[in-house]
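Asks: Show me how the following folds:
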Amino acid sequence: MLSFGSPAVQLAAMYRILVEEKRWLSRDRFLNALNYCLALPGPEAQLLAAYVGWMMHGILGAVLAGGLVILPGMICMMALSYGYVTGGDSTVGEVLLYGLKPAILVIVLDATIRVGTQVLRTRLMLALAGLAFVGTFFFNLSFVLVGVGTALIGFFAGLVDIAAVPGQAKSPPVAGWFPGGPREGDLADHIPATLGRYLRTCALWVALWFVPVAVLIAAFGLDNVFSQIAILFSKMAVLSLGGPYAVNSYVAVHAVEPYGWLTHNEALDGLALAELAPGPVILFQQFVGFLAAYRHPGVLPPLAAGTLGGLLSIWIISVPTFLWIFLVGPFIERFRENKLINATLSAVTGGVLGVVLTFAVRFGTRTIFLRGEPISAFGLNFTLPDFASADPWALAIAIVAGIAMFCFGLGMVATLAVSCAVGIIPYLIDTIGMGTLHTGLLGLVAGAAIGFPAGPVAVWCLHLRIQQRRAMVLAIVAGSAIGDLIVAAVFFVVTNLLGGAAASLQMLKNPLFQGPILILGGIVLLLVVSRSALLGLPRQEHARPERWTYVGAGLAGLIALAASVTHPENLLAIGAVFAVLGIGSDSGTTLLAGFFVGTATTWFSTIELLCHLGEKQGRQIMLRVMQALCVLCIAAGLVQLGRAANLFSG
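Replies: So this is what the prediction gives:
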């Protein structure tokens, strides 16, 4: 449930949990198993999970681990498939996909870097990863060819210089496994199985794979859609040596052309949905199976046929994974100290990571650039993105997601949420039009002008931020911004009652009205700010660890909201700002949306800036700036009164 978009994301999550957090495996043992799993057909994450489960708890452990690593993604992809066929043209779905794709690109790149730093342990592996990327991206080499080539290079490197082959760099051993578990050098009791037990286990999983295929062919014939699904995905289970992206590309081509199950655009949509679903991206094949059966249901209702087609696809994809583990698992343990085998498999691992990077870059170019120019010369065979066709919003979302993850260390779920929020902006612009956008920008300016933090809530917020309580600070910022938004909405209600339900209050633009409002608001705010800045909380010398508690953060947000709503000077300040900008009561929802963004942004950025200056200096700057703004407000009011008295004419 924590892995989106790429094998690199899944492998990075598994390394963190299995090695660093649970300490069920040492680093070397994890990487040795990973080398084997990357060389086997099928989804790497499911193979590795099944292997770890088998090594710790036998066949039952393998089935549980390998099955549960794909189950959340299967459920999610089934739900996405239902939504796609019943509301595939949904605007909400398109908007969400638009915001999520650039974020997934950043997540994939982040995970690729994390996995690469752990797995690429020698210069040879790093070089092979680079060569694999160049070969697959620029020359469109076959992924099987890359795998065979890297395996041969690793094999001969092992023959020439055993001591320097990849895979031999030893790290300090991890402090054991789980308490009471096997030691690093021991094999589990079920691993040294007899030949009879080995053959019976493999025969069982071969039967689970091929018996349903044979039954479908015998019952419905070769032309039935379910038989075709079983045959195509069985073939993929054997030939999927180039990684899931290569297999997905092969399946997409055959699903579009020979079978006609879906269109080219639908295949691209399915690939995007597979990136969104947690779990292996090979779940794209479930989407293909669902659509194939949905479009050719026979006597079944289309949704029922699609469900059966998706489940059949998952069965054919998953069962061979367990077969490969039960076939190869004993040899992984018996030969994990064999330097020549390790050299060969480590080289394959380097090549596979280069292929993963190729598809991450290709996914990124499809996401950011709308058009590309095919390059076919001197052996080159790739698509050069047309930089003039760059989607500025997609690029902006990717940059925001990158800053959130790499600079602020924001988690995956939070990054996806932020990207979705940014992705809604272009949809709103297209929906409301540029004229209303001007109103929204006007509200943004008003919110930024009114949102500068001051008073005891601001001091409390600054104090918590300096103590590294970021979660509490975000709750306070949200509460204060919502409170300001409520006050602004109340201002509109009041002005509507005074000036008519639909008409704008033209008096707001009258200097004779603006002058007293500005002077009165400036004086009141100056008194409040000067008094509140003296308030504060006791200093804590030792920072507390960052915590997120729903109750504590919720209470902090409610306190900040209540403070903003109940202080009458907020209404005066908002009235003064609206008077200066000439904002009337007919501005509507768009202005309020811009106002909320402006005030929240000002709160957050100001607190962050003041935090870096220190609590004492930050509070002093907060006081002086607010006092200066109040003085400017009073001066502006005097100027407006002068204009009303024609003192500046002639």
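Asks: For the rest of this, base every contact and every neighbour count on C-alpha atoms.
Replies: Will do.
Asks: In the host helix or strand of S346, which residues are buried?
Replies: For S346, the host element (DSSP states H and E) is helix 339-368. For helix 339-368, a neighbour-count test (16 or more other C-alpha atoms under 10 Å) marks 339-365, 367-368 as buried.
Asks: does T606 sit in a helix or strand, and which one?
Replies: Judged by DSSP H and E, T606 forms part of helix 589-613.
Asks: Just the angle for the helix or strand that that helix is followed by relative to helix 589-613, thanks.
Replies: Later in the chain than helix 589-613, the nearest helix or strand by DSSP H and E is helix 615-644. Counting by axes from the mean of the first three to the mean of the last three C-alpha atoms, to 10 degrees, helix 615-644 lies at 140 degrees to helix 589-613.
Asks: now helix 615-644: mean pLDDT?
Replies: For helix 615-644, the mean pLDDT works out to 73.
Asks: next one: stretch 574-588
Replies: pLDDT averaged over stretch 574-588 gives 65.
Asks: same thing with stretch 48-60?
Replies: Mean predicted confidence for stretch 48-60 is 89.
Asks: Begin at 259 from now on, thanks
Replies: That works, and once the first residue is 259, the last one we named lands at stretch 306-318.
Asks: tell me the contacts of the spatially most central residue of the chain?
Replies: What sits nearest the mean C-alpha location of the chain, by C-alpha atoms, centre = their mean, is L674, with 4.1 Å. By C-alpha atoms under 8 Å, 6 or more residues apart in numbering, the contact list for L674 reads L358, A361, I362, A659.
Asks: Just put these in CSV and tack on distance to V373 and secondary structure.
Replies: Below are these laid out as CSV (distance: C-alpha to C-alpha, whole Å; DSSP: H, G, I helix; E, B strand; the rest coil):
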residue, distance to V373, secondary structure
L358, 22, helix
A361, 18, helix
I362, 16, helix
A659, 19, helix
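Asks: between those, which is closest to M313?
Replies: M313 lies nearest to I362 out of the contacts of L674, by C-alpha to C-alpha, at 32.4 Å.
Asks: how many other residues sit next to that closest one?
Replies: Residues within reach of I362, counting by other C-alpha atoms under 10 Å, total 28.
Asks: That one reaches E533, doesn't it?
Replies: Yes: assessed by C-alpha atoms under 8 Å, I362 is found in contact with E533 at 7.3 Å.
Asks: What is the helix holding S604 packed up against?
Replies: Counting contacts by 3 or more C-alpha pairs under 8 Å, 6 or more residues apart in numbering; DSSP states H and E, helix 597-626 is packed against helix 285-297, helix 349-377, helix 381-396, helix 401-418, helix 650-660.
Asks: 7 Å - rerun?
Replies: Judged by 3 or more C-alpha pairs under 7 Å, 6 or more residues apart in numbering; DSSP states H and E, helix 597-626 is in contact with helix 285-297, helix 349-377, helix 381-396, helix 401-418.
Asks: and I832, which of the ones you listed is closest to it?
Replies: So among the helices and strands packed on helix 597-626, helix 349-377 is nearest, using C-alpha to C-alpha, at 32.8 Å.
Asks: Please identify the buried residues of that closest one?
Replies: Those buried within helix 349-377 under the rule 16+ other C-alpha under 10 Å are 353-374, 377.
Asks: How about stretch 517-526?
Replies: For stretch 517-526, by 16+ other C-alpha under 10 Å, it's W519, L520, E524, A525.
Asks: The nearest residue to the first one once chain neighbours are set aside - how many residues pack around it?
Replies: Among residues not flanking W519 along the chain, A550 sits closest, at 4.8 Å (C-alpha to C-alpha, 6 or more residues apart in numbering). Here the count is done by other C-alpha under 10 Å, and A550 has 24 residues near it.
Asks: Just say helix, strand or coil for A550.
Replies: helix (DSSP: H, G, I helix; E, B strand; the rest coil).
Asks: Strands of this protein, start to end?
Replies: Using DSSP state E, the strands found in the chain span residues 630-635, 638-643.
Asks: Mean pLDDT added to those strands, as JSON lines?
Replies: Listed next are the strands of the chain as JSON lines, based on pLDDT from 0 to 100:
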{"stretch": "strand 630-635", "mean pLDDT": "83"}
{"stretch": "strand 638-643", "mean pLDDT": "84"}
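Asks: Identify, out of those strands, the most deeply packed stretch.
Replies: Among those, ranked by average contacts under mean count of other C-alpha atoms under 10 Å, first place goes to strand 638-643 (a mean of 16).
Asks: Which strands or helices does that strand pack on?
Replies: Packing contacts for strand 638-643, counted by 3+ C-alpha pairs under 7 Å, 6+ apart, involve helix 381-396, strand 630-635.
Asks: try 10 Å this time
Replies: helix 381-396, helix 597-626, strand 630-635 (3 or more C-alpha pairs under 10 Å, 6 or more residues apart in numbering; DSSP states H and E).
Asks: how far out from the middle of the chain is the second one?
Replies: In terms of C-alpha atoms, centre = their mean, to the nearest Å, the centre of helix 597-626 is found 21 Å from the chain centre.
Asks: Tell me what angle that helix forms with strand 638-643.
Replies: 40 degrees.
Asks: angle of helix 597-626 against helix 285-297?
Replies: 70 degrees.
Asks: Mean confidence (pLDDT) on helix 597-626, please.
Replies: 80.
Asks: Y309 is in contact with G316, correct?
Replies: Yes: contact criterion C-alpha atoms under 10 Å: G316 and Y309 qualify, at 9.2 Å.
Asks: Quickly list what's touching both of the two.
Replies: Common neighbours of G316 and Y309, counting by C-alpha atoms under 10 Å, 6 or more residues apart in numbering, are F584.
Asks: more neighbours, those two?
Replies: Y309 (30 against 18).
Asks: I590: what's it in contact with?
Replies: Contacts of I590 (C-alpha under 10 Å, 6+ apart): R287, N290, A291, N293, Y294, C295, Y309, I583, N596, I599, N600.
Asks: Run the chain-centre distance for stretch 399-414.
Replies: Put simply, stretch 399-414 sits 32 Å off its chain's centre (C-alpha atoms, centre = their mean).
Asks: Can I get that stretch as CSV, trimmed to CA atoms?
Replies: Only the C-alpha atoms of stretch 399-414 are listed here, as CSV (Å, rounded to 0.1, in the frame of the first residue of the first chain):
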residue,chain,number,x,y,z
LEU,A,399,17.7,-2.1,-27.5
SER,A,400,15.7,-5.2,-26.5
PHE,A,401,15.4,-5.6,-22.8
VAL,A,402,16.1,-9.3,-23.1
LEU,A,403,19.3,-8.4,-25.0
VAL,A,404,20.3,-6.1,-22.3
GLY,A,405,19.8,-8.8,-19.7
VAL,A,406,21.8,-11.4,-21.6
GLY,A,407,24.6,-8.9,-22.3
THR,A,408,24.9,-7.8,-18.7
ALA,A,409,24.9,-11.4,-17.5
LEU,A,410,27.7,-12.3,-19.9
ILE,A,411,29.7,-9.3,-18.8
GLY,A,412,29.3,-10.1,-15.2
PHE,A,413,30.2,-13.8,-15.8
PHE,A,414,33.4,-13.0,-17.6
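Asks: quick one: buried residues of that stretch?
Replies: Buried residues in stretch 399-414 (16+ other C-alpha under 10 Å): L399, F401, V404, G405, V406, G407, T408, A409, L410, I411, G412, F413.
Asks: Among those residues, find me the one that's closest to A320.
Replies: G405 (26.3 Å).
Asks: ok, the closest one to L389 distance?
Replies: In this view, G405 and L389 are 12 Å apart by C-alpha to C-alpha, to the nearest Å.
Asks: tell me, what's touching those two both at once?
Replies: In contact with both G405 and L389: G608, G609, V613, using C-alpha under 10 Å, 6+ apart.
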